[in-house]
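**Student:** heads up, no residue letters with this:
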């Protein structure tokens, strides 16, 4: 089995998709967009958990959330169970931005998968989810 280029292709596809994303209609950076989409998906998420999900340092996330807050897209609320922590919520103004992001992501995904038929797309997604699951569960090693 030849798997030596697997990581290269995954990383390069991400790079190419990120570059394509930057050509879209939105004004957010890819990292800002990822943060906003995570807040939309997990409203009330703690800042520290979001930093973990984005794989960035908490201090970098603070600056990122400051930008999203200044754009009136996200708000911080004190965590009722821990006064040192904040939870993140969408603001009403985030809805149009999220729609543009959704449209851009759909266009990028369509372009990326254009060479595949429906059956191949299903098979690819099944396999990618399987690989993802292998990294999402604790390893014994």
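**Tutor:** In hand now; what should we look at? Quick caveat, the model's predicted, so the values are computed rather than measured.

**Student:** Am I right that residue 78 sits in a strand?
**Tutor:** Yes. Using DSSP: H, G, I helix; E, B strand; the rest coil, the assignment for residue 78 is a strand.

**Student:** how would you label the closest residue to it other than its chain neighbours: helix, strand or coil?
**Tutor:** Nearest residue to residue 78 in three dimensions, chain neighbours excluded: residue 86, at 6.3 Å (CB to CB, 6 or more residues apart in numbering). In this view, the C-beta of every residue, glycine as well, is placed from N, C-alpha and C. Assigned with three-state DSSP, residue 86 falls in the strand class.

**Student:** Residue 86: what's it in contact with?
**Tutor:** Residue 86 is in contact with 46-47, 76-79, counting by CB atoms under 8 Å, 6 or more residues apart in numbering.

**Student:** In PyMOL, how would I select the buried members of those residues?
**Tutor:** A single PyMOL command selects the buried members of those (16 or more other CB atoms under 10 Å):
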select buried, resi 46+47+76
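
**Student:** Pipe the contacts of residue 86 into a markdown table and attach pLDDT and distance to residue 114 per row.
**Tutor:** Below are the contacts of residue 86 laid out as a markdown table (pLDDT from 0 to 100; distance: CB to CB, whole Å):
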| residue | pLDDT | distance to residue 114 |
| --- | --- | --- |
| 46 | 95 | 38 |
| 47 | 94 | 38 |
| 76 | 95 | 40 |
| 77 | 95 | 42 |
| 78 | 93 | 46 |
| 79 | 91 | 44 |
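
**Student:** What separation is there between the most centrally placed residue in the chain and residue 61?
**Tutor:** For the chain, the residue nearest the mean C-alpha position is residue 34 (3.4 Å; CA atoms, centre = their mean). Residue 34 sits at a distance of 11 Å from residue 61 (criterion: CB to CB, to the nearest Å).

**Student:** For the chain, just list every one of the helices.
**Tutor:** 6-22, 30-41, 47-54, 58-70, 94-113, 118-136 (DSSP state H).
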